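> dropping the sequence and predicted coords here.
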Amino acid sequence: MCGRYAATKDPATLMREFDALDGTEGKATRADYNVAPTKEVVTVVERHPRDADGAVLEDEPAVRSLRVMRWGLVPFWAKDPSVGNRMINTRAETAKEKPAFRKALSRRRCLVPADGWFEWKATDPGEGRKAAKEPYYVTTRDSSSLAFAGLWETWRDPNADPEARPLITFSVLTTDAVGRLADIHHRMPLVLPSQRWADWLDPNRTDATGLLTPADRDWLDELELRPVSTKVNSVRNNGPELVERVEPEPVNLDTALFDLPNPR
DNA sequence: CCAGACGTTGTT
DNA sequence: GTCTGG
DNA sequence: CCAGACGTTGTT
DNA sequence: GTCTGG
């Protein structure tokens, strides 16, 4: 999965954590505790410099920088940017073959910095009741950033001025959930520990084989998994209260009476 | 050949 | 039920 | 991911 | 742009 996350750090902090230059061009967004598809966020890319005509200078060392992108990858051939609304995730298992993603997997990988991400656990509805979904927040214990493996793409509106800035969009890779995370949900974002960031971003590496492995179970088990308020459900809500731990929903008295075992 | 999709999730 | 928007 | 819409005509 | 389905 991964359809919602929190990203609250300013560019200066991200520059330090990701050893990157600031390429946000003043477009950097502010603290967002409820990042949803179609929103603009800061990502990290690594590219060789280009000359005035935009040709790649292969011999110049690659530069890592922050860039603002919109969540939901719009393939360059799309006639309409709404195509990106459905391209928010990319299955790591099939990314290499999918026409919408394979070129980006080879040449346009990015990291998506996050404080943590949200997962909704579907609870067993039980007789006659409707299913409930309990949101959880997955985050680091030391407040360091997580990094999702992402793919990015540029899109130009065929009906717009060709000189206009293209729309830059991204998708988050997903894998099978590992360890405790699998208790919440069967998919999770492809989270990369910092020692894997350089390989993922390396522009000289066009074969992504070996880059798509989920993180080690031991590393993932270090993450904190906390129940949070259903306030996060609505994208109109935003603020630090969305990531605060809450106790699991207290039992409603009316429902509880209903739940009493039948006397025999 | 042309037309139409190009994606993931979850749920049944 | 299914699609769109955030 | 979840929430919220899901429609057209005409008039201001 | 490129693949799949008809």
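That came through, no problem. Residues are numbered from 1 along each chain as shown, chains lettered A, B, ... in the order given.
> what's the local residue count around the residue of the stretch 101-250 of chain A found nearest DNA strand C?
The minimum distance from the stretch 101-250 of chain A to DNA strand C, using CB to the nearest atom of the strand, falls at A:Val235 (4.3 Å). In short, each C-beta sits where N, CA and C put it, glycine included. For A:Val235, the neighbour count with other CB atoms under 10 Å is 13.
> same deal with the one 4 residues further on?
Counted with other CB under 10 Å, residues neighbouring A:Gly239 total 12.
> who touches it in this structure?
For A:Gly239, the contact set (CB atoms under 8 Å, 6 or more residues apart in numbering) comprises A:Tyr33.
> okay, it: pLDDT?
What the model reports as pLDDT for A:Gly239 is 98.
> show me which residues of the stretch 51-200 of chain A are close to DNA strand B?
In this structure, the stretch 51-200 of chain A approaches DNA strand B at residues A:75, A:77-78, A:83, A:86-87, A:89-91, A:94-95, A:98-101, A:122, A:131, A:174, A:185-187, judged by CB under 7 Å from any atom of the strand.
> ok, and which of the residues you listed reach DNA strand E?
When contact is defined as CB under 7 Å from any atom of the strand, those meet DNA strand E at A:Pro75, A:Trp77, A:Pro99, A:Ala100.
> does A:Leu25 sit in a helix or strand, and which one?
Leu isn't right for residue A:25; it's Glu. Per DSSP states H and E, A:Glu25 falls between elements, in no helix or strand.
> shaky segments in chain A?
Where chain A drops to pLDDT under 70, the residues are A:1, A:125-130, A:249-264.
> quick one, helices of it?
Counting by DSSP state H, chain A has helices at residues A:11-18, A:102-107, A:181-184, A:197-201, A:217-221, A:253-259.
> could you redo those helices as CSV and give each row mean neighbour count?
Conversion of the helices of chain A to CSV gives the following (neighbours: other CB atoms under 10 Å):
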stretch, mean neighbour count
helix A:11-18, 16
helix A:102-107, 18
helix A:181-184, 17
helix A:197-201, 18
helix A:217-221, 14
helix A:253-259, 10
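> nearest to DNA strand D, of those helices?
With distances scored as CB to the nearest atom of the strand, the stretch of the helices of chain A nearest to DNA strand D is helix A:181-184 (11.0 Å).
> what residues does the stretch 1-150 of chain A have near DNA strand D?
By the rule CB under 7 Å from any atom of the strand, the part of the stretch 1-150 of chain A lying against DNA strand D is A:Met1, A:Gly3, A:Arg4, A:Ala36, A:Pro37, A:Asn85, A:Ile88, A:Trp120, A:Lys133.
> ok, and of these, which contact DNA strand C?
Okay, of those touching DNA strand C (CB under 7 Å from any atom of the strand), that's A:Gly3, A:Arg4, A:Ala36, A:Pro37, A:Asn85, A:Ile88.
> contacts for stretch A:189-196, please.
A:1-2, A:5, A:92, A:111, A:117, A:144, A:146-149, A:172-175, A:200, A:211-212, A:214-216, A:219-220.
> got a PyMOL select line for the buried ones in those residues?
Applying 16 or more other CB atoms under 10 Å to those leaves a buried subset, and the PyMOL line that selects it is:
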select buried, chain A and resi 1+2+5+92+111+117+146+147+148+149+172+173+174+175+200+211+212+214+215+220
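> hang on, the earlier thing: make JSON lines out of the helices of chain A and add distance to DNA strand E.
Formatted as JSON lines, the helices of chain A follow (distance: least, CB to the nearest atom of the strand, whole Å):
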{"stretch": "helix A:11-18", "distance to DNA strand E": "31"}
{"stretch": "helix A:102-107", "distance to DNA strand E": "8"}
{"stretch": "helix A:181-184", "distance to DNA strand E": "31"}
{"stretch": "helix A:197-201", "distance to DNA strand E": "24"}
{"stretch": "helix A:217-221", "distance to DNA strand E": "34"}
{"stretch": "helix A:253-259", "distance to DNA strand E": "47"}
